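> fold the following for me, if possible:
(chains A and B)
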Amino acid sequence: MTTYLSLMLLIPLFGGVLNALVGRNLPRRLAESLACAAVWGSFVCAVLAALAYHGPEKVVVAQWFQAFDLALPLSLYLDPLSLSLCLMICFVCGLIHLYSVFYMAAEADYARFFALLNLFVFAMLSLVLAENLVLLYLGWEGVGFCSYLLIGFWYTEKENADAGRKAFITTRIGDTALMVALAWLFQLFGTLSITQLNGMGFLLPAGIVTALGLLMLAGAIGKSAQLPLMVWLPDAMAGPTPVSAMIHAATMVTAGVYLLARMYPLIGSSTVTTSAIAIVGGLTAFYGASCALAQRDLKRVLAFSTISQIGYMMLGVGAGAITAATFHLLVHAFFKALLFLGAGCVITAMHHEQDIFRMGGLRRTLPITFWCFLAGAACLAGLPLTGGFFSKDSILTALWMKGTALTQALYFLGLLTALITAFYSFRMVYLVFFGSNAHQQGHHEQSDVLPMELVLIPLALLGLFGGVLDLPGYLGGGFLGSFLGPLSGAHPVEASHTEELALQGVAATLALAGVFAAHVRYGGAARDNRLQESLLKPAPLVAFLLNGWYFDALYRALLIRPYQALSRVLWQQVDEGVINGGIDRLADGVGSTGSWLGRWTTGQVAVYLLSFAAGGALLLGYLAWRSL
Amino acid sequence: MNPDFPILTLLLFLPLVGGLSVALLWRNPATARFFALLVGLAELALGAWLGSSAPAAGPTGYFLYQDLPWIERFGIRYTLGMDGISLVLVLLTAFITVIAMLLFWQEVKERVALYFALLLATETGILGVFLSLDLFLFYLFWEAMLIPMFFLIGIWGNGRKLYSAVKFFLYTFIGSLLMLVAIIVLYLMHGAQTGSYSFALAELVHTQVPYTTGLWLFAAFLLALGVKFPLVPLHGWLPDAYCDSPSAGTVVLAGILAKTAAYALIRFAYPLLPEAAHAFTPVIYVCAVIGIVYGAWVAFAQTDMKRLVAYSSVSHMGFIALGIAAWSPVALSGAVLQMVNHGITTGALFVMVGMLAERTEDRESLHYGGLWGKVPVLAFFFLFFNMASAGLPGLNNFVGEFLVLVGTFRVAPGAALGAFLGIVLTLVYTVRLVQDILFGTPSQPVSLSDLSLRESATLASLAVIGVYLGVHPAPVLDLIKVPIALLTKA
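As a prediction, the model looks like this:
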């Protein structure tokens, strides 16, 4: 097992480092094959580990560092949670690597791209497999670093570089909270082993558990792009589309959810923390969906939908339904990667046009993409019997069954969000694939897109049928539930079959209603009216949603501008003015000292030596005199 | 090895003697350069050999020791000792000196022999501080290392070089005089109490110091060491001195000279005056945290690359001060480790900035841009060392910062919380610098050449050490473990 787990990490690390160091000098095919082989090699290791899996297992690979009682082993932990995530990560990332070979075919700097993709997989896997919180932190920062460089991959454009920088800094605000939690945990327990910490939560007073939980939540908010640190994710779409699929949909953003699920046995006993998680999740789900309603850029629609869907996962964690949250995490990874990769096909075929109001008719020119994208949209909308339906519904069910006023209020918010989600999903489908291709006349290079489209198919199947991972009780119960169940530390109230059916009926009705509304507004002849409207200046509410509730502007005014201005004040007024100027004035001010200093500074360096020697001599003389 | 062989003396004076010989080669700059490099390499080899073959440390933690009477009349002895902390810093010193020589091989065109001779003389001065166990001897080296540094800035510097050199000299010299007074007072008190007048550290630690006197004495130490450290607000000399110094001088200043103050604090000030040090701890905490935040914040406003790195150095040194103030085994280990890491990382950043300035004679970061595509090797290293400086896990700085923060949080959560802020602020100015230099397109075309083989190889050696200390810092942590356990009585 040690071998499988170590290799799972080392292969992509090796691939990434190799491509980073010598990739530029390798033939293109070799560099690409190396990167793909590395990830699929990891996948093989993950499968082997799954086959050899007998129960939760902790392996110590090596010692990282030790100073007195602070010992940090490089230890890994394989349990159902980390195993299922590893399989998903390797599989989805493997497909995205293959897709990238075609998507980035014209890119000259392929070595840098694939090196970073591989390093990203390494970082994400070490985050998931870590048994030690510091190793988790290594992966946590590692994904941040890779995404920084991948978002800004086309670095010559200032906007791209800015977006990468924004993502790195914003997420690091959360990371710092996590780091504080680490330092505190070490102070309390003298260990940072996740399995040990999870067993020791009961030793702590409730207030401290709450504070620790909130710090971890702050960490998760940064990485998982939740309110109020979600501003980086929409901009992160500046990166190449495979990057968006891999980092900003399927894997990196789920790290926060994973952290909270992983540490749930420790932090879950605080109702304040779980309520906070649920509230953040619920509000973010609504926020993301509302913003997605108004976006015109295809990738930004998907970005806001990611924010919203991660919000659902947080809701699940907050409700104590770790299994449901994990279930949604996995299914979402499939269908969101699918949607992004589908969007990549669309964007390639449209010659890098991303405005959905300038697209149309693609269902005829890109049939494979259309059907796959439709499957993804159906999952996102939560249409009955798709994977997205079951996973989202299991979260909502858990919320309802928890039965407190808060969770039931959040349940209704979740339902409202589901309605909006169905609406914007099909708004996207209608605008992109239906109607006529009014703005782009038949230059679609289908042959270029075809190999990329093939990658969509397995993802579409997984998204559609992902529900079988964890079917509801009346359909015979789920594999995932029994697999993850005993380890999550949470015991959500089980719904009876009738309740479950009733709740799912409500959810299904709303999803269908959302699709119907989208059809009425964007289908058929109505579509042309919307295109006409899109040329006008957006209404205030639309502009508000389009700009993500103006959070960016708010932060610019409240944080960024003052920080920049104060940095200049500190430098020019305080440092140059008070500290430096004070000394200079002091030197000048003391009567003749000024001119004396001036004479000194004329470069008579011998004077210095002389005065130094004289000083030394005086000193020695004094010492001699004293001791006589 | 013959136990009576004065190996520490050889280690200490090899650079100085070598430097004098280099100065004699003033007619032939090329030879002088090579000879200086040879001396530097010999010193590094000697240090490495000592490190690998040193006998086991005794109960005092010192595995090499040399003690001779010198000026017996005043109880001044020539006492040198090397424990794990000294060894680590000696290696750093020898390494950074070689790096500085190699990377700025051609930087100086005039009076080449003298320049290299002074670099080597500085090395001896710094080594003396790390090896002396007699306070008089220590003070001698402490002042002595200023002189060659002063000339390096004053003669080969740029900008307002004389202003900066004098400022550097006066700041540190005035501070040092106070420390000298404190040393002498301690010496006299100890003599009066025991009847034996001695400057030996091992003797002076037993001095009974009245509480208030102790406070004054510690304040004098803190002022002297705080200037060189530098602790905010005593850093006024630093941006000018770092900026106007020749590149090799900046690397030596930031990479190793700054560590002498941290070392002296650990080796002398704390053990000599433990009670006063305890009383002053809040002051150091405040200075450290303000330094971390303030340095990072001011660094953000800089567009002169060298000045930016100078302020970032102030910020990073704050972490070291924090770890020392906490004085717990974990935090102190982090502080010592961070001294090495800071030497490597900030040293490397000054190297890179110096290289860019050497190529274009322009230090304004906004004039650059898009270097990633133009000079990929240089860009790779630039990004690498910036990320190390920002504390990316897996690279060296992370381990040191982590130990400092976790160790400090245990004893002083409030101070540590302030320092956590530094993690974010460091990243803010780092990515701004990276973006200015590497990304975007330049506001005006910059033409420069990528790294030569000599430069790549030297930077690669720094990078390899950076990764090694990030992934496997155990060798350093093991070396410093015994001395730190003794110091903190853990």
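> B:Gly369 contacts B:Thr441, correct?
Yes. Taking contacts as Cβ atoms under 8 Å, B:Gly369 lies within contact range of B:Thr441: 5.5 Å. C-beta: built from backbone N, CA, C; applies to glycine.
> what comes up buried for stretch A:392-409?
Buried residues in stretch A:392-409, counted by 16 or more other Cβ atoms under 10 Å in any protein chain shown: A:392-402, A:406-407.
> how about the CA coordinates for stretch B:327-340, as CSV?
In CSV, the C-alpha atoms belonging to stretch B:327-340 read as follows (Å, rounded to 0.1, in the frame of the first residue of the first chain):
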residue,chain,number,x,y,z
TRP,B,327,12.8,31.6,23.3
SER,B,328,11.1,28.3,23.2
PRO,B,329,13.0,25.3,21.6
VAL,B,330,10.7,25.1,18.6
ALA,B,331,10.6,28.8,17.9
LEU,B,332,14.3,29.2,18.4
SER,B,333,15.1,26.3,16.1
GLY,B,334,12.9,28.0,13.6
ALA,B,335,14.7,31.3,14.1
VAL,B,336,18.2,29.7,13.6
LEU,B,337,16.9,27.8,10.6
GLN,B,338,15.4,30.9,9.2
MET,B,339,18.7,32.7,9.5
VAL,B,340,20.1,30.2,7.1
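> so where's chain A shaky on pLDDT?
Applying pLDDT under 70 to chain A picks out residues A:437-447, A:470-479, A:481-482, A:484-495, A:582-628.
> tell me who's in contact with the residue nearest the centre of it.
With distances taken as Cα atoms, centre = their mean, the residue of chain A nearest its centroid is A:Val253 (1.9 Å). Taking Cβ atoms under 8 Å, 6 or more residues apart in numbering or on different chains, we find A:Val253 in contact with A:Lys223, A:Ser224, A:Ala225, A:Leu233, A:Ile247, A:Thr306, A:Ile310.
> near chain B, from the residues you listed?
Near chain B, judged by Cβ under 8 Å from any Cβ of the partner chain, there are no entries from these.
> okay, the residues you listed in a markdown table with secondary structure next?
Listed next are the contacts of A:Val253 as a markdown table, based on DSSP: H, G, I helix; E, B strand; the rest coil:
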| residue | secondary structure |
| --- | --- |
| A:Lys223 | helix |
| A:Ser224 | coil |
| A:Ala225 | coil |
| A:Leu233 | helix |
| A:Ile247 | helix |
| A:Thr306 | helix |
| A:Ile310 | helix |
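> now those in TSV, with neighbour count and distance to B:Val232?
Formatted as TSV, the contacts of A:Val253 follow (neighbours: other Cβ atoms under 10 Å in any protein chain shown; distance: Cβ to Cβ, whole Å):
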residue	neighbour count	distance to B:Val232
A:Lys223	29	32
A:Ser224	31	36
A:Ala225	30	36
A:Leu233	30	37
A:Ile247	27	38
A:Thr306	30	42
A:Ile310	31	41
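> quick one: which of the buried residues of stretch A:392-409 is nearest to chain B?
Nearest to chain B among the buried residues of stretch A:392-409 is A:Leu406, at 30.3 Å by Cβ to the nearest Cβ.
> pretty sure the closest one sits against A:Ala276.
No. Between A:Leu406 and A:Ala276 there is no contact under Cβ under 8 Å: 10.4 Å.
> select the longest helix from chain A.
helix A:158-189 (DSSP state H).
> which elements pack onto that helix?
Helices and strands touching helix A:158-189, by 3 or more Cβ pairs under 8 Å, 6 or more residues apart in numbering or on different chains; DSSP states H and E, are helix A:133-151, helix A:194-198, helix A:206-223, helix A:232-235, helix B:396-411, helix B:413-438.
> how about these in CSV, adding distance to A:Arg364?
Compiled in CSV, these are given as follows (distance: least, Cβ to Cβ, whole Å):
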stretch, distance to A:Arg364
helix A:133-151, 33
helix A:194-198, 52
helix A:206-223, 40
helix A:232-235, 30
helix B:396-411, 54
helix B:413-438, 43
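> quick one: closest of those to B:Pro15.
helix B:396-411 (25.4 Å; Cβ to Cβ).
> all strands for chain A, in order.
Applying DSSP state E to chain A gives strands spanning A:57-67, A:70-78.
> for the stretch 151-300 of chain B, what lies in contact range of chain A?
Residues of the stretch 151-300 of chain B lying near chain A by Cβ under 8 Å from any Cβ: B:151, B:154-155, B:162-163, B:166-167, B:169-171, B:180, B:184, B:188, B:197, B:233, B:235-236, B:239-240, B:294, B:297-298, B:300.
> what lies in contact with the strand or helix carrying B:Tyr468?
Assigned by DSSP states H and E, B:Tyr468 belongs to helix B:453-471. Helix B:453-471 has contacts (Cβ under 8 Å, 6+ apart) with A:64, B:95, B:99, B:102-103, B:105, B:337, B:340-341, B:344-345, B:347-348, B:351-352, B:355, B:377, B:381, B:384-385, B:388, B:393-399, B:451, B:476.
> and of the helices and strands packed on helix A:158-189, who's closest to B:Ala277?
Among the helices and strands packed on helix A:158-189, helix B:396-411 comes nearest to B:Ala277, with 13.8 Å by Cβ to Cβ.
> dump the closest one to PDB, restricted to CA.
Extracted C-alpha coordinates of helix B:396-411, given in PDB (Å, rounded to 0.1, in the frame of the first residue of the first chain):
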ATOM      1  CA  ASN B 396      13.200  26.400   2.600                       C
ATOM      2  CA  ASN B 397      11.600  29.500   4.100                       C
ATOM      3  CA  PHE B 398       8.400  27.700   4.900                       C
ATOM      4  CA  VAL B 399      10.000  25.300   7.400                       C
ATOM      5  CA  GLY B 400      11.600  28.100   9.300                       C
ATOM      6  CA  GLU B 401       8.600  30.400   9.300                       C
ATOM      7  CA  PHE B 402       6.400  27.500  10.300                       C
ATOM      8  CA  LEU B 403       8.600  26.600  13.300                       C
ATOM      9  CA  VAL B 404       8.800  30.200  14.400                       C
ATOM     10  CA  LEU B 405       5.000  30.700  14.100                       C
ATOM     11  CA  VAL B 406       4.000  27.500  15.700                       C
ATOM     12  CA  GLY B 407       6.600  27.800  18.400                       C
ATOM     13  CA  THR B 408       5.700  31.400  19.100                       C
ATOM     14  CA  PHE B 409       2.000  30.700  19.100                       C
ATOM     15  CA  ARG B 410       2.500  28.400  22.000                       C
ATOM     16  CA  VAL B 411       4.000  31.000  24.300                       C
END
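> pull the distance from the helix holding B:Tyr468 to the chain's centre.
Averaged C-alpha coordinates place helix B:453-471 at 18 Å from its chain's average position (Cα atoms, centre = their mean, to the nearest Å).
> going on from it, what's the next piece of helix or strand?
With DSSP H and E, the next secondary element past helix B:453-471 is helix B:474-488.
> please name every helix or strand in contact with that following helix.
strand A:57-67, helix B:84-103, helix B:329-360.
> of all those, which one is nearest A:Leu129?
Checked against Cβ to Cβ, the stretch from these lying closest is strand A:57-67, at 9.4 Å.
> tilt between the closest one and helix B:396-411?
For strand A:57-67 against helix B:396-411, the angle by axes from the mean of the first three to the mean of the last three Cα atoms, to 10 degrees is 90 degrees.
> walk me through which strands strand A:57-67 pairs with, and which way each runs.
Counting by DSSP bridges, the strands paired with strand A:57-67 are strand A:70-78 (antiparallel).
> what angle separates the strand it pairs with from helix B:474-488?
Using the same axes, to 10 degrees: strand A:70-78 against helix B:474-488 is 140 degrees.
> what lies in contact with strand A:70-78?
A:1, A:5-6, A:9, A:49, A:53, A:56-66, A:129-132, A:134-135, A:186, A:192-195, B:330, B:403, B:406-407.
> show me just the buried residues among those.
For the contacts of strand A:70-78, buried by 16+ other Cβ under 10 Å: A:5-6, A:9, A:49, A:57-59, A:61, A:64-66, A:129-132, A:134-135, A:186, A:192-195, B:330, B:403, B:406-407.
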